[in-house]
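In: Okay, sequence plus prediction incoming.
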Amino acid sequence: MNKVSTAVQLRFDVRGSPSLPEEVRARLERLAGSRLTNDGVLVLTAQRFRSQDRNRTDALDSLLALIRKAAVTPVKRRATKPTWGSQLRRLEVKTQRAGIKRLRTRRPEHD
């Protein structure tokens, strides 16, 4: 059986790219994780398809998706408190549950 190598390896120099702003570069490096080399080169491997051309476009699409995700500034979480009503409802459920469990216990008989 003839085997044909159709896998594609895409390399993108994240640290050396002049078109990426500094914040996007930092987020892209964080998103890349283990796919980033020590020199700051992002290595993407695509071998999902049997055609090298389709694997090439797949690798480009995944690079674009990573850059788009890094381009969006994450929204910081705002700390909130549970509402008074939700606290009351939670305590009522806990009281009901404790009552059910209290009914299951055996009480010692006194003579």
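Out: Received the coordinates, thanks.
In: can we go C-alpha only for contacts and neighbour counts from here?
Out: Noted.
In: separation between the residue lying closest to residue 63 once chain neighbours are set aside and residue 23?
Out: In this structure, residue 63 finds its nearest non-sequential neighbour in residue 44, 7.5 Å apart by Cα to Cα, 6 or more residues apart in numbering. Using Cα to Cα, to the nearest Å, residue 44 is found at 21 Å from residue 23.
In: again, but for residue 7
Out: Distance from residue 7 to residue 23, by Cα to Cα: 32 Å.
In: Compare those two and say which is more crowded by neighbours.
Out: Each of residue 7 and residue 23 has its neighbours counted (other Cα atoms under 10 Å); residue 7 has more, 18 against 13.
In: Please name the residues that touch that one.
Out: Residue 7 makes contacts with 45, 46, 47, 48, 52, 55, as judged by Cα atoms under 8 Å, 6 or more residues apart in numbering.
In: try it again with 7 Å
Out: Contacts for residue 7 (Cα atoms under 7 Å, 6 or more residues apart in numbering) come out as 46, 47, 52, 55.
In: mind listing which of those are in helices?
Out: Using DSSP state H, the members of these that fall in helices are 52, 55.
In: can you pick the most crowded of the contacts of residue 7?
Out: Ranked by the number of neighbours (other Cα under 10 Å), the contacts of residue 7 place residue 55 first, at 21 neighbours.
In: how near is it to residue 48?
Out: Taking Cα to Cα, one finds residue 55 at 7 Å from residue 48.
In: go on, residue 16?
Out: To residue 48, residue 16 is 28 Å away according to Cα to Cα.
In: Switch the contacts of residue 7 over to TSV, and while doing so, append pLDDT and distance to residue 93 to every line.
Out: Formatted as TSV, the contacts of residue 7 follow (pLDDT from 0 to 100; distance: Cα to Cα, whole Å):
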residue	pLDDT	distance to residue 93
46	92	52
47	91	53
52	92	59
55	94	55
